[in-house]
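Colleague: structure, please.
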Amino acid sequence: MALSSPTPKVGDLIEIFRFGYSHWAIYVGNGYVVHLAPPSEIAGAGASSILSTVAETAIVKKELLSKVAGGDRYRINNKHDDKYPPLPANKIVKQAEEWVGRKVRYSLIHDNCEHFVNELRYRVSRSDQSNQVLRTGVLGVLGGLAASII
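Modeller: Got it, this is the predicted structure:
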């Protein structure tokens, strides 16, 4: 379910609100996004997707935004445009398409879906979520998430 936001433009970052965290994708046109998904990621899985964050590898997938979001809310969130100039949309899409189907290293803290899409849009690998986890303490956050799932 989309928030009240405009239709994404090619190269926009899409933040999908999962249970306890946000999943990130990049819009590549015609309703499709490219995103980094741990092998156990099921599009729209919500709460079960948090369990996949312990995976060590991921697959780069191109899927319909509606399928990836499932019943979860999402929004366009190009939050770093004021800090970093985005690459031209055609270059973002070209890079994203070149990654589709590849198996890549995955780390909740260092190489997650937010790092991936920021690297594509800005050539800057960063994740505000993982920085927040590091600031507040990994064990406290994961413990709280595990308790809320059980």
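Colleague: so who does Glu119 touch?
Modeller: Under the criterion of C-beta atoms under 8 Å, 6 or more residues apart in numbering, the neighbours of Glu119 are Ser125. C-betas here are computed from N, CA, C, even on glycine.
Colleague: what of the one 5 residues further on?
Modeller: Val124 sits next to His80, Tyr84, Asn118 when contact means C-beta under 8 Å, 6+ apart.
Colleague: at 10 Å what do you get?
Modeller: His80, Lys83, Tyr84, His115, Asn118 (C-beta atoms under 10 Å, 6 or more residues apart in numbering).
Colleague: repeat that for Val10.
Modeller: For Val10, counting by C-beta under 10 Å, 6+ apart, the contacting residues are Ile26, Tyr27, Val28, Gly29, Asn30, Tyr32, Pro88, Ala89, Asn90, Ile92, Val93, Ala96.
Colleague: mind checking which of those are in helices?
Modeller: Ala89, Asn90, Ile92, Val93, Ala96 (DSSP state H).
Colleague: quick one: buried ones out of the residues you listed?
Modeller: When these are checked for burial by 16 or more other C-beta atoms under 10 Å, the buried set is Ala89, Ile92, Val93, Ala96.
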